[in-house]
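sequence plus predicted model, see below.
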Amino acid sequence: MRVKQAVPDRFSARAALAAGLACTLVLSGCASWRNQTRPAMPVETDPAAIVADAQKSAATANAGAQTVQATKLQKFFWIFSPYRPDIQQGNFVSQEMLSQLKVGQTRDQVRFILGTPLLTDVFHEDRWDFPFYLARGNGELTTSRVTVFFKDDKVERFEGGNLPTEREYIDRIAGPAKVSSKAKAESRPVEPAKVGGAPVIQP
C-alpha cells in the first residue's frame, strides 16, 4: 500500500518540475525571438550628424569621472556567481594631478605629471589621451578620460575635470579608512588648564 502511494507522489513532483522548466524555456525563447525580430534602428549617414554624435560622445567622456552602480537585481544574481576581481585599466588621473597641469608645459612635463599616455595616435600626434576604467567586483563601473592637446610641443589646452581625489580613489578601492577609538581620542582638542578662572598658557 505504501509503495503504491509513493509512486504517484514521485511522478507528480517530477511533472511539476518539468512543467516549470518548460515554461521557463518557452518564455526565455519568446523573449530572445522577440529581440531578434525587432527591426534595427536606422543609422544616420549624414556627415554633419556623425560629427555631432562624435562630439557629443567626446564631451560626455571628457565631462569627468562617471560611476555606474549595479542594480539590485544584478547584485542578487552575483551571489550565485563566482568571485569577480576588481579590474583596473588605463591611467588614473586624480584631481591633484590635473591641477598641476598648465598651458605651455612641454611633453616631458606632462609625462612627468600624468604618466605615459595610454593612447597616442600616429595621425593625431598633437593629442594625448589618458583613459581610465575601473570595474569593481560588486558591479560598480568608473570611467574617466583626460585629453591633452599640444601645439608646437607645448600644451595648448586639455579636457577633463570633475575627477576623484586620490583619497576618494583609495576609499573606492580599499574601502573607507577605519579610525580607531584611540586615534579619535588623541585628535580631540585639549582644553587649557584654568587657575582661578583664567586659562594658564603653557610654553
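It's in.

with adjacent residues omitted, what lies nearest to residue 92?
Closest residue in space to residue 92, ignoring its immediate chain neighbours: residue 132 at 5.3 Å, by C-beta to C-beta, 6 or more residues apart in numbering. For every residue, glycine as well, the C-beta is placed using N, CA and C.

so what secondary structure elements neighbour the helix or strand encompassing the one you found?
In this structure, residue 132 sits in strand 127-135 according to DSSP states H and E. Packing contacts for strand 127-135, counted by 3 or more C-beta pairs under 8 Å, 6 or more residues apart in numbering; DSSP states H and E, involve strand 87-90, strand 119-120, strand 141-151.

out of those strands, the one nearest residue 128 is which?
Taking C-beta to C-beta, strand 141-151 is the member of these nearest to residue 128, at 4.6 Å.

how about stretch 145-164: buried residues?
Of the residues in stretch 145-164, 145-148, 150, 155, 158-160, 163-164 count as buried by neighbour count, 16 or more other C-beta atoms under 10 Å.

tell me the mean pLDDT for it?
Across stretch 145-164, pLDDT averages out at 88.

still on that earlier bit, could I get the helices and strands packed on strand 127-135 as JSON lines with distance to residue 128?
JSON lines is the format used below for these (distance: least, C-beta to C-beta, whole Å):
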{"stretch": "strand 87-90", "distance to residue 128": "13"}
{"stretch": "strand 119-120", "distance to residue 128": "6"}
{"stretch": "strand 141-151", "distance to residue 128": "5"}
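
compare these and give me the one nearest residue 19.
strand 141-151 (39.0 Å).

which elements pack onto that closest one?
Strand 141-151 packs on helix 47-61, strand 66-68, helix 107-114, strand 127-135, strand 154-159, going by 3+ C-beta pairs under 8 Å, 6+ apart.

circling back: which one of the helices and strands packed on strand 127-135 lies nearest to residue 109?
Minimum separation from residue 109 across those (C-beta to C-beta) falls at strand 141-151, 10.8 Å.

now tell me what touches the closest one from outside.
Residues from elsewhere that reach strand 141-151, judged by C-beta atoms under 8 Å, 6 or more residues apart in numbering: 58, 61-62, 64-68, 91, 93, 98, 101, 107, 110, 114, 117, 126-136, 155-160, 163-164, 172.

hmm, 6 Å instead?
Residues outside strand 141-151 that contact it (C-beta atoms under 6 Å, 6 or more residues apart in numbering): 61-62, 65-68, 93, 110, 126-135, 156-160, 163.

buried ones among those residues?
The buried subset of those (16+ other C-beta under 10 Å) comprises 61-62, 65, 93, 110, 128-132, 134-135, 158-160, 163.
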